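Visitor: give me coordinates for this.
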Amino acid sequence: LPSPPPSRGNSAMGSYPKHLDDDDLLGGGKEEKGNVVVSVRVRPDGSDPIPPEWDIDGRGSQLTYSGREGGTYRYDNVFTPDDDNARVYDSCAKRLVRRVMQGYHGTVFAYGMTGTGKTFSMQGTTSSPGVIPLAVTDIFSFIRETPHREFLLRVSYLEIYNERINDLLSPPTQADEIKLREDPKRGVYATPLKEEIVQSPTQLLRVIAKGDLARRVGSTQFNQRSSRSHAVVQIVVESRERLPGVSNDGATMVTAKAGAGGVRVSTLSLIDLAGSERAAENKERRQEGAHINKSLLTLGNVISKLADAKSGKGNVEHLPYRDSKLTRLLQPALSGNSLVSILCTISTAPSNGVAAANGSSLGETLNTLQFAARARNSIVSRAKKADESALLDAGSKALLDRYRMEIQELRAELEKQKAAAIAQDELAALMERAEMDKMAHERHSEQLLEMQLARTALKERIEHLNRLILCSKSSGVNHEGGGHRNSMASSLFQVALGKKERPFSTSTSISSTSSSMLDITVEGDPISASFPSQVRALQADLADKNRYIATLERRLLHARRSSHSRVSLGISCGTPITINGQDIDSLLREKDDEIFALRAMLEDKERMLTALRSSVRTRDLAE
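Guide: As a prediction, the model looks like this:
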């Protein structure tokens, strides 16, 4: 740790000896004055010169008032109006914050009259941050400088307003009343109180800013924006030695018994007290001032009794801590279980707004100096480093342990869920593949059935055309003089069959046959006279068959299109398609060949019909 600044008198009581280590300075049961630091800061106004009756010696850490009821006051630190907030923090709070990070409890609070710069010293501004933001920055700097330990920070923010504790981080409609409880290990604490876990300086400052917005402030005759309550920021620091093999994100799993080192818990309390003031004319302000003055008076009484007990004039066991919630909350710090830094703020300018509004400002300033002197001489701190608890059960109060156990349990549960999810995915894939195979088999069965229907339809058409040809031949043979005509028709028929004609549609051929056969009539021939009736009967039969064949052709065309798309789908799925043990490709080729043969037969029959009609027409012409 750095030594004190050169401007500070090392001869002053309470300065930190350089040769003492941490345990010598803050342990061993000795009454070490280095554990309690009392500082006085003159209002950083800068607009008016310091009156001649005041002598402020920053280097000598003393302050002298030569007027009535004057005297010389010596403290651990005295800050002039020219000293900025960074100088104040480095001298009176920086070392305490570092000690808190090492396991000690620490308390910093500002005390003084309204309008003397308490809130400015604790919170500061954007250009000149105060004790609280500088402490936050220092906390995370320490964490970065200590890689062998892991830390967990949680923050709470409360105010004491009219002797009632309010949680500044919870909504104002909170129903539960916050009360003070005492625990042998934790000391005095407020409950129920919301705590937020923070992981960065920005996040921590954002939480504190949220609480500042909810704090009670108001305009008084001494200050335009005056704090009307005591505000307490508590930062709980949990730390432990980083376990071997565990990264910063806790990626390596460890068991509860693997943690040889326990968790060290310490608390930093940063308190901005409301200022003492005279009674106001406004009823609400008068009531607020009464409660503020009562709590500050109780704090002064506790300090006085501590001084009396130290000098042997009083009993330290009967201190009025319970007379005020403020002193009750400060009991661990005032009773010696915590490192303490008290910053008292005063105003020496008689012509400033505070003095003009309050004729007794000089008296309040002297009272503040006397309070600081009594606190410096009476408060004795025997602060010890917090014990490291090795408890790793679910009921441990250390959140770091509880979170570590929860992380382990959640990771184990996550591994189980991942394994179950993989099994479910595999089962779903198998079921989906089985369903696709089933659908493909059904499609192929439908396709085969449609092909069989098409084959049957073509066979029926061929048989029908055969009957027509036989009927026409029979009529030609039985006709009188049929030998000559039959021979002529036969020769023409043979010629027609020998020609290679282009295929034509079934409907066209049948209609042509019907129209041609209507013309096959011979006058005076009784057999020829029967041709019209035969043709009409055949025409009706052919029309029915033609419609049936057209329907079958449409179904065949649809079946072939469906078969191509489904076969393509089966190929894309990568599943071999078989029907009755025969590959679908070979089966389709066979069916195509069979259909081609049937179509060829149909074309032959149609050519025979054409030749027959030509023969009949030629015979008629010859006659």
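Visitor: any idea of the mean pLDDT in stretch 461-477?
Guide: Averaged across stretch 461-477, pLDDT comes to 69.
Visitor: burial of Arg561, as a residue count?
Guide: 10 (other CB atoms under 10 Å). The C-beta positions use only the backbone N, C-alpha and C, and glycine is treated the same way.
Visitor: same check on Arg617?
Guide: 15.
Visitor: so it versus Thr610, what's the distance?
Guide: 11 Å (CB to CB, to the nearest Å).
Visitor: Leu152 now?
Guide: The spacing between Leu152 and Thr610, counted by CB to CB, is 101 Å.
Visitor: again with Arg95
Guide: For Arg95, the distance to Thr610 - CB to CB - is 120 Å.
Visitor: low pLDDT regions in the stretch 401-550 of the chain?
Guide: Applying pLDDT under 70 to the stretch 401-550 of the chain flags the ranges 401-404, 471-539, 541-542, 544-545.
Visitor: the strands in the stretch 251-400 of the chain, which residues?
Guide: Along the stretch 251-400 of the chain, counting by DSSP state E, counting those that start in this stretch, strands occupy 263-272, 339-346, 388-389.
Visitor: walk me through which strands the second one pairs with, and which way each runs.
Guide: Sheet partners assigned to strand 339-346 using DSSP bridges are listed as strand 36-42 (parallel), strand 106-112 (parallel).
Visitor: packing partners for the host helix or strand of Met431?
Guide: Using DSSP states H and E, Met431 sits within helix 399-478. Packing partners of helix 399-478 (3 or more CB pairs under 8 Å, 6 or more residues apart in numbering; DSSP states H and E): strand 149-161, strand 230-241, helix 482-498, helix 506-518, helix 531-573, strand 578-579, helix 584-622.
Visitor: beyond the first one, next helix or strand please.
Guide: Helices and strands here follow DSSP H and E; after strand 149-161, the next one along the chain is strand 164-167.
Visitor: so for that next one, mean pLDDT?
Guide: For strand 164-167, mean pLDDT rounds to 90.
Visitor: show me how the record splits the protein into domains.
Guide: Domain segmentation of the chain under automatic domain parsing yields 84-247+258-390, 436-622.
Visitor: if you average pLDDT over each of those, which is lowest?
Guide: Taking each of the domains of the chain in turn, the lowest mean pLDDT turns up on domain 436-622, with a mean of 64.
Visitor: re earlier: mean neighbour count and distance to Leu63 added to the strands paired with strand 339-346, as TSV?
Guide: Converted to TSV, the strands paired with strand 339-346 look like this (neighbours: other CB atoms under 10 Å; distance: least, CB to CB, whole Å):
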stretch	mean neighbour count	distance to Leu63
strand 36-42	26	6
strand 106-112	26	14
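Visitor: quick one: which of the ones you listed is nearest Lys310?
Guide: Minimum separation from Lys310 across those (CB to CB) falls at strand 36-42, 12.1 Å.
Visitor: dump that closest one to PDB, keeping only the CA atoms.
Guide: Coordinates of the C-alpha atoms in strand 36-42 are reproduced here as PDB (Å, rounded to 0.1, in the frame of the first residue of the first chain):
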ATOM      1  CA  VAL A  36      -9.800   5.200  13.200                       C
ATOM      2  CA  VAL A  37      -9.200   8.300  11.000                       C
ATOM      3  CA  VAL A  38     -10.800  11.600  11.800                       C
ATOM      4  CA  SER A  39     -10.500  14.400   9.200                       C
ATOM      5  CA  VAL A  40     -11.900  17.900   9.000                       C
ATOM      6  CA  ARG A  41     -12.600  19.700   5.700                       C
ATOM      7  CA  VAL A  42     -13.200  23.400   5.400                       C
END
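Visitor: please work out the average pLDDT along that strand.
Guide: In the prediction, strand 36-42 has an average pLDDT of 92.
Visitor: mind checking what helix or strand follows it in sequence?
Guide: Next along the chain after strand 36-42, taking DSSP H and E as the criterion, comes strand 54-57.
Visitor: tell me the strands beside that following strand, with direction?
Guide: Strand 54-57 pairs in its sheet with strand 62-65 (antiparallel), by DSSP bridges.
Visitor: thinking again about what came up before, now, of the strands of the stretch 251-400 of the chain, which is deepest in the fold?
Guide: Of the strands of the stretch 251-400 of the chain, the one with the most neighbours on average (mean count of other CB atoms under 10 Å) is strand 339-346, at a mean of 25.
Visitor: buried ones in stretch 44-64?
Guide: Across stretch 44-64, burial judged by 16 or more other CB atoms under 10 Å covers 44-45, 54, 56, 58, 60-63.
Visitor: turn the strands of the stretch 251-400 of the chain into TSV, including distance to Glu177.
Guide: Output for the strands of the stretch 251-400 of the chain, formatted as TSV (distance: least, CB to CB, whole Å):
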stretch	distance to Glu177
strand 263-272	21
strand 339-346	29
strand 388-389	30
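Visitor: mind checking which of those strands is nearest Ser324?
Guide: Closest approach to Ser324 among these (CB to CB): strand 263-272, 13.4 Å.
Visitor: restricting to C-alpha, output that closest one in CSV.
Guide: Provided in CSV are the C-alpha atoms of strand 263-272 (Å, rounded to 0.1, in the frame of the first residue of the first chain):
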residue,chain,number,x,y,z
VAL,A,263,-15.4,-17.5,1.6
ARG,A,264,-14.4,-14.2,3.2
VAL,A,265,-17.2,-11.7,3.7
SER,A,266,-16.6,-8.0,4.5
THR,A,267,-18.8,-4.9,4.3
LEU,A,268,-18.1,-1.3,3.3
SER,A,269,-20.6,1.3,4.6
LEU,A,270,-20.5,4.8,3.0
ILE,A,271,-22.8,7.1,4.9
ASP,A,272,-23.9,10.7,4.0
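Visitor: how many degrees apart are that strand and helix 399-478 in direction?
Guide: Here the directions of strand 263-272 and helix 399-478 differ by 110 degrees (axes from the mean of the first three to the mean of the last three CA atoms, to 10 degrees).
Visitor: from here on, call the first residue 12.
Guide: Sure thing, new numbering starts at 12, so read that last one as strand 274-283.
Visitor: what packs against strand 274-283?
Guide: Against strand 274-283 (3+ CB pairs under 8 Å, 6+ apart) you get helix 105-112, strand 117-123, helix 129-134, helix 142-156, strand 241-252, strand 399-400.
Visitor: quick check: closest non-adjacent residue to Ser349.
Guide: Leaving out its chain neighbours, the residue that sits closest to Ser349 by CB to CB, 6 or more residues apart in numbering is His116, at 4.1 Å.
Visitor: need the contact list for that neighbour.
Guide: Listed by CB atoms under 8 Å, 6 or more residues apart in numbering, the contact partners of His116 are 198, 277-279, 343-344, 348-350, 394, 397.
Visitor: ok, how many other residues are close to Asn378?
Guide: Neighbour tally, Asn378, other CB under 10 Å: 17.
Visitor: and if you look at Thr621?
Guide: 20.
Visitor: do the same with the one 4 residues further on
Guide: Ser625 has 16 neighbouring residues, counting by other CB under 10 Å.
Visitor: got it, and Asp604?
Guide: Neighbourhood size, Asp604 [other CB under 10 Å]: 10.
Visitor: go on, Ala383?
Guide: Using other CB under 10 Å: Ala383 sits among 24 other residues.
Visitor: once you drop chain neighbours, what's closest to it?
Guide: Cys355 (4.2 Å).
Visitor: surely the one you found is in contact with Val48?
Guide: No - the pair Cys355 / Val48 is not scored as a contact, 11.4 Å apart, by CB atoms under 8 Å.
Visitor: any residues in contact with both of the two?
Guide: When contacts are counted by CB under 8 Å, 6+ apart, the set common to Cys355 and Val48 is empty.
Visitor: of the buried residues of stretch 55-75, which is the nearest to Lys190?
Guide: Nearest to Lys190, judged by CB to CB, of the buried residues of stretch 55-75 is Pro55 at 37.8 Å.
Visitor: relative to Arg52, how far out is the closest residue to the closest one other than its chain neighbours?
Guide: Here the nearest residue to Pro55 in space, its sequence neighbours aside, is Pro92; by CB to CB, 6+ apart that works out to 5.0 Å. From Pro92 across to Arg52, the span is 9 Å (CB to CB).
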